[in-house]
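sharing a model prediction with you, sequence too.
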Amino acid sequence: MEKKIAVLRGDGIGPEVVNESIKVLERVAQKFGHTFHYYDIIGGVAGLEAYGDALRPQDYELGRSCDSILFGSVGDPRKYTFTGANGTKKYPSRKEAAVKALASFRRGMELFANIRPAKVYPQLIQASPLKDTVARELDLIVLRENTAGIFYAGKYRKEIGGELTACDECVYTWSQIERHARCAFDLAMGRKKHVTMVNKPNAMETGVLWQTVYEKVAEEYPEVHYETMLIDGCAARLVSRPGYFDVIAAENMFGDILSDLANSAAGSMGIAGSGDIGSEGKGLYECAGGSAPDIAGQNIANPIAEILSAALMLRLSFHMTVEADAIEAAIVKVLDDGYRTGDIMTPGGKRLSCSDMGDAISEAI
Ligand SMILES: NC(=O)C1=CN([C@@H]2O[C@H](COP(=O)(O)OP(=O)(O)OC[C@H]3O[C@@H](n4cnc5c(N)ncnc54)[C@H](O)[C@@H]3O)[C@@H](O)[C@H]2O)C=CC1
Ligand SMILES: CC(C)CC(=O)C(=O)O
Ligand SMILES: [Mg+2]
């Protein structure tokens with residue numbers, strides 16, 4: 001098969017981990033007889049520095065025209081503020097910020113389903129901050145809504161009554177929730193048939209609408225055990241009984257937070273793969289974590305998150321199941337062999353650099 005992949009390496013550790021994903025994809029191409037064509041896009045802070053634009057319109061069109069996008073995280077808090085003419089710190093508006101590169105694809109391509117699996121690898125159980133007995137049952141998907149909510153509705157920062165004031169509205173439509181609900185129930189049908197829809201209807205009108213729509217869609221899936229849970233209670237249960245969950249369905253901001261929580265409970269953000277998918281089948285694949293500026297440029301990041309994201313691309317957008325399985329099995333083999341990057345806090349093991357971990361996974365395929 002031939003596939004076109006847009007590659008946006010992004011900022012911080014983005015280029016380091018994306019390069020390892022491409023190494024692994026090339027090994028898959030060689031072994032299974034595929035051809036992947038890569039189309040580079042410079043975006044995020046790198047785009048701001050190169051072109052004064054976190055994502056140029058022509059680069060958005062390029063990404064959209066490809067079969068999928070492999071994306072390194074964007075943003076760098078070290079470069080987020082800049083000094084204004086009078087020496088005061090200034091904060092850019094969201095339109096000027098690096099996140100535009102990500103938001104443009106998510107919104108423009110209607111990639112409404114952000115699939116974020118989190119599971120504890122038995123080999124990494126001691127890396128979890130949770131007790132062994134609690135951690136070993138963690139195997140879930142956070143399905144985060146990706147195109148609406150507080151990230152995208154009415155926003156302002158202005159002076160009102162002599163005081164600097166800011167506002168972020170949270171808006172959801174019935175159809176945005178409905179397509180998300182169908183995706184959650186379909187995912188659950190292929191797993192443990194359990195959907196927990198997380199929101200805050202006791203405080204938010206959008207939460208009430210989420211509940212109404214989800215209840216209606218749930219009627220079409222009588223085999224699935226459906227329930228709602230308040231976001232705060234869900235966060236608590238994620239660390240006390242993570243094995244309780246199967247598919248956690250959440251609006252945008254809650255899903256953003258819970259997916260980091262679930263993956264950190266599983267051992268590290270360095271193993272957190274993620275895929276943003278729309279109804280056309282195309283997707284944007286990126287690790288769930290950020291650009292990790294604290295470890296950038298040292299070749300010590302864990303490439304597994306980005307490699308798992310590439311495997312998700314093969315599985316969900318290219319329907320290459322055997323190939324995706326091969327990547328996931330190679331990761332298990334490497335972990336079985338005791339190889340670890342520095343973020344994995346297990347005793348012993350052989351510490352590898354980011355690029356050596358990429359080599360090891362690629363050789364294990
Ligand atoms: N999809 C995207 O483009 C995302 C971008 N960001 C951006 O990333 C920047 C940094 O955000 P933070 O809050 O620091 O979150 P972060 O996820 O980048 O880092 C949090 C912690 O996890 C560690 N970590 C993350 N990924 C790792 C990996 N692959 N290997 C080893 N350790 C890893 C980091 O070293 C750090 O200690 C910000 O500008 C933020 O806006 C954050 C999340 C997603
Ligand atoms: C840069 C953020 C808006 C994105 C984020 O945190 C995420 O996608 O997990
Ligand atoms: Mg996040």
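Thanks, I have it. Ligands and ions are numbered 1, 2, ... in the order given.

would you mind giving the secondary structure of the most centrally placed residue in the chain?
For the chain, the residue nearest the mean C-alpha position is Ala288 (3.0 Å; Cα atoms, centre = their mean). Following DSSP: H, G, I helix; E, B strand; the rest coil, Ala288 is assigned to coil.

could you pull up the residues touching it?
Contact analysis of Ala288 by Cβ atoms under 8 Å, 6 or more residues apart in numbering lists 116, 259-260, 263, 269, 272-274, 305. From N, CA and C alone the C-beta is placed, and that goes for glycine too.

how about Ile22?
7, 38, 70.

the second one touches Val7, doesn't it?
To tie it back to what came earlier, the one meant is Tyr38. Yes: here Tyr38 lies in contact with Val7, judged by Cβ atoms under 8 Å, at a distance of 5.0 Å.

hey, where'd the helices end up in this protein?
Secondary structure of the chain (DSSP state H): helices at 14-32, 45-51, 57-65, 100-108, 132-135, 174-189, 205-218, 231-240, 252-266, 304-312, 321-336, 354-363.

just those helices: most buried one?
helix 304-312 (a mean of 28; mean count of other Cβ atoms under 10 Å).

outside of that helix, which residues touch it?
17-18, 20-21, 24-25, 70, 72, 115, 117, 269-275, 283, 285-289, 324, 327-328, 331, 341, 357-358, 361.

give me the buried subset of the contacts of Ile22.
7, 70 (16 or more other Cβ atoms under 10 Å).

with just CA atoms, put stretch 259-268 into CSV.
The C-alpha trace of stretch 259-268 is given here as CSV (Å, rounded to 0.1, in the frame of the first residue of the first chain):
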residue,chain,number,x,y,z
SER,A,259,-5.8,11.4,29.9
ASP,A,260,-2.6,12.8,31.5
LEU,A,261,-3.8,11.5,34.9
ALA,A,262,-4.5,8.0,33.5
ASN,A,263,-1.2,7.8,31.7
SER,A,264,0.9,9.1,34.6
ALA,A,265,-0.9,6.5,36.8
ALA,A,266,0.2,3.9,34.2
GLY,A,267,3.8,4.9,34.6
SER,A,268,4.8,7.9,32.4
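
tell me if it is near ligand 2.
No: judged by Cβ under 6 Å from any ligand atom, stretch 259-268 stays clear of ligand 2, getting no closer than 6.8 Å.

residues from the stretch 101-250 of the chain in reach of ligand 2?
Leu102.

pLDDT at the residue of the stretch 101-250 of the chain found nearest ligand 1, what is it?
Closest residue of the stretch 101-250 of the chain to ligand 1, Cβ to the nearest ligand atom: Leu102 (4.9 Å). Leu102 is assigned 95 on the pLDDT scale.

now it. Nearest residue, chain neighbours left out?
Nearest non-adjacent residue to Leu102, counting by Cβ to Cβ, 6 or more residues apart in numbering: Val74, 5.8 Å away.

what do you get for Gly349?
Arg340 (4.1 Å).

from Glu137, how far out is that neighbour?
Per Cβ to Cβ, to the nearest Å, Arg340 is found 22 Å from Glu137.

so which of these two has more stuff around it?
Neighbours per residue (other Cβ atoms under 10 Å) separate Arg340 from Glu137, with Arg340 holding more: 24 against 15.

OK, contacts around that one?
346, 349-352.
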